[in-house]
Every structure is written in structure tokens, then in C-alpha cells.
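Student: could you look at this predicted model? Sequence included:
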Amino acid sequence: MPMPSEISAQLPDEESALWLMRLGAAGAERQAALAELHGLLLRASRFELGRRRATLPHLRPGDLDDLAQQSADDALVAILAKLGDFRGESRFTTWAYKFALLEASVKVRRRAWQGREIPLEREAWATLAGAARTERGAEDGELFAAIREEIESSLGPRQREVLVAVALNDVPIDVLAERLQTNRGALYKNLHDARRKLRAALAARGFDLELDRKEER
Amino acid sequence: MSEPTAPGRGGDELLARLLGPGTPELTCEECFEVLDAYVELAIAAEPADERVPGMRAHLEGCPACTEEYHSLRALLAPEEGGGPR
Ligand SMILES: [Zn+2]
């Protein structure tokens, strides 16, 4: 169920309206707008790749630029397909940038995991056991032990697979989606359901979960 | 702001990743839909979380969307230096 958002459609600002007009034009004007937009998308893609450079130590500079070009190309295709969805809730360029950043960040995560196996549950249990040992005493040890038991007994197979991979083994959700031939949204739903079940199971065993979390507001 | 995928995280962070925000949250698709407007509000120091309920919770729960949020914010407002959320 979508949540009510107070962000509402409004008339695009002048610059955004100009973008829409030029992209909707014919011939040379549209071509010029497409080229300019592609340039912005390329800049955003390179920006993202620069931020994630450390996760791709083996990539050559040429490969990196290929990745930026592909991200900009794919973002442009996505943008043209969704142009009708732009509601003027932000500047057009901000709206466009998010497509390039998404394309680039997904490509980086997948590239970083290329040829790498998804870690096994055994490694996740080791992470939990490590947290249990290093935390603030017996109570945390009990909590982390209970978490493992409930992951093994309360969750469905897909919920368990996604929670272990994403929350414990640090597998990016897009990488997992690619391996399992599904999409990020579907896997996040599995993750969300797994977390809800896990919370309920732990609460039923008497753990006060809110005390264990730092409130941040 | 530390990256959500940083290794060697503490127990609190591990718990947060295991248990999620525990409050109603947007889906990844809804998050992407409002990301541009949310980031512009945040940069303008408008009450972005009031205007987009469920967004903050999703960002707490979803490492991938959080990375994209930080990237868009850093691209648009480099002067913040990747600063506060
Ligand atoms: Zn998400």
C-alpha cells in the first residue's frame, strides 16, 4: 500500500519545462537536447564510479569509462521511456541524474561481485557468533543466539536466503537479484517479511528489541 | 557518514540490518520515485521526512537505496562534503 506523500505534482520550473519542450521537439533541436542530456548523465555516471572506485581495484581506466558510457546510455533509454512520469516535483536534471546514478551503482555492485560466489550460511553464523562474543555481555550473547535459532526455524526458505545474504553476508541486493533472476523490489519484500517475522519471534521470546537499538530522530 | 556495507561493523549495526527499521517504510520502487524530490528538500533543509513518510525508514533498511541517496545528494550538493543525512 503506497504511503501518502505530501510531495505533489506541480508545474515544472522554467528550465525543466525547457528540457521537456526540447526533448519533445523534432529534428535538430531534439538531437541537441539528447546529446546535452547524455553529457549530464555521463557526468553523473562518472561521479558515481569515482565514488565506488575502491570497490573495483582490478578495473582498468578504459573499462571504467566503458562502464560510465553504458550507464549513461542505459539511463538515457530509461529516461526517454519514463519522460511522461516526470511531474515537476524536482528539477528535471535532478530527476534525470537519479537514473544515471542507479545504472552506475548497480553496474558497479555487479562488477565488484563478478566471478565471486555468494557466501554460505556458515559465514553468516560466524558473523553472528563474533558479534555475540564482542558485544556487551551475556544478554547480547543470548540475543544473537536466539536470532540464529529463529532464522533457522521461523523463516521461509527465500526469506532466510535473502536475510542471510543481505544482512549478514553483505551481498548487495542487486547482485543477489541477478543471481536469483529476480529484481531488487521483490527481494526487498522478502527481506522486509523476514525482518518482520524475526522481530515477532524475538519479541515472543521476551527480547525487548527497541532497547537494543539506538534511537535516532 | 559511514558506508552501510563497511565490514567489521558493531553489534548495533548488525542488529539494525537484521531487524530493519520496524516502522512502515516505502518499497525500493517508491523510494526511487520520490528520491529526487526528497534529496532536493533535504538539501534545502526542508522537513523532507515529514513530507515523505516512510522514506527515512526505507533508507535505514535498504543499503542499496541508501547508497543512491548519498550519491545524488553528494552530486547536487558537493559543498556538504557528503555531510548529514
Ligand atoms: Zn531500497
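Tutor: On my side now, so go ahead. Numbering: from 1, shown residues only, chains lettered A, B, ... in the order given.
Student: contacts and neighbour counts: CA atoms only from here.
Tutor: Noted.
Student: what does chain A have sitting close to chain B?
Tutor: Residues of chain A lying near chain B by CA under 8 Å from any CA of the partner chain: A:2-7, A:44, A:47-48, A:89-90, A:94-95, A:97-98, A:101-102, A:105, A:131-132, A:135, A:163, A:167-168, A:170, A:172-174, A:184-185, A:188-189, A:192, A:195-196, A:198-199, A:212-214.
Student: what helix or strand is A:Ala104 located in?
Tutor: Element membership for A:Ala104 (DSSP states H and E) is helix A:92-112.
Student: what are the contacting residues of that helix?
Tutor: If you take CA atoms under 8 Å, 6 or more residues apart in numbering or on different chains as the criterion, helix A:92-112 is touched by A:12, A:15-16, A:19, A:40-42, A:44-45, A:48-49, A:52, A:55-56, A:67-68, A:71-72, A:74-76, A:78-79, A:86, A:172, A:174-175, B:35-37, B:68, B:71-72, B:76.
Student: the longest helix anywhere in chain A to helix A:92-112, inter-axis angle?
Tutor: Secondary structure of chain A per DSSP state H: the longest helix is helix A:27-51. Using axes from the mean of the first three to the mean of the last three CA atoms, to 10 degrees, the inter-axis angle of helix A:27-51 relative to helix A:92-112 is 50 degrees.
Student: ok, then the element right after helix A:27-51?
Tutor: Taking DSSP H and E, what comes next after helix A:27-51 is helix A:61-82.
Student: could I get the contacting residues of the residue of chain A found nearest the ion?
Tutor: Nearest to the ion, among the residues of chain A, is A:Tyr188, at 6.8 Å (CA to the ion). With contact taken as CA under 8 Å, 6+ apart, A:Tyr188 is in contact with A:Ile173, B:Thr27, B:Cys28, B:Cys62.
Student: how about CSV for these, with neighbour count added?
Tutor: Output for those, formatted as CSV (neighbours: other CA atoms under 10 Å in any protein chain shown):
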residue, neighbour count
A:Ile173, 26
B:Thr27, 24
B:Cys28, 20
B:Cys62, 25
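Student: check which helix or strand covers the residue of chain A closest to the ion.
Tutor: For A:Tyr188, the element it lies in under DSSP H and E is helix A:184-204.
Student: average pLDDT for that helix?
Tutor: What helix A:184-204 shows for mean pLDDT is 97.
Student: could you point out which element follows the lowest-mean-pLDDT helix or strand in chain A?
Tutor: Of all helical and strand segments in chain A, the minimum by mean pLDDT, DSSP states H and E falls on helix A:121-134, at a mean of 88. Per DSSP H and E, helix A:121-134 leads on to helix A:138-154 as the next helix or strand towards the C-terminus.
Student: burial count for the nearest residue to A:Ala146 once chain neighbours are set aside?
Tutor: Once flanking residues are discounted, A:Ala146 sits nearest to A:Leu202: 7.3 Å by CA to CA, 6 or more residues apart in numbering or on different chains. A total of 17 residues lie near A:Leu202 under the criterion other CA atoms under 10 Å in any protein chain shown.
Student: ok, now how distant is A:Leu202 from B:Thr23?
Tutor: Distance, A:Leu202 to B:Thr23, by CA to CA, to the nearest Å: 16 Å.
Student: how about B:Ile43?
Tutor: Distance, B:Ile43 to B:Thr23, by CA to CA: 24 Å.
Student: equivalent analysis for A:Ala78, please.
Tutor: 31 Å.
Student: which residues touch B:Cys62?
Tutor: By CA under 8 Å, 6+ apart, B:Cys62 lies in contact with A:Tyr188, B:Cys28.
Student: what about 10 Å?
Tutor: B:Cys62 sits next to A:166-167, A:172-173, A:188, A:191-192, B:4, B:17, B:20-21, B:27-28, B:31, B:56 when contact means CA atoms under 10 Å, 6 or more residues apart in numbering or on different chains.
Student: hey, where'd the helices end up in chain B?
Tutor: For chain B, the helices defined by DSSP H cover B:11-19, B:28-43, B:48-51, B:55-61, B:63-76.
Student: can you redo the ones you listed as JSON lines with mean pLDDT?
Tutor: Output for the helices of chain B, formatted as JSON lines (pLDDT from 0 to 100):
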{"stretch": "helix B:11-19", "mean pLDDT": "90"}
{"stretch": "helix B:28-43", "mean pLDDT": "97"}
{"stretch": "helix B:48-51", "mean pLDDT": "96"}
{"stretch": "helix B:55-61", "mean pLDDT": "97"}
{"stretch": "helix B:63-76", "mean pLDDT": "97"}
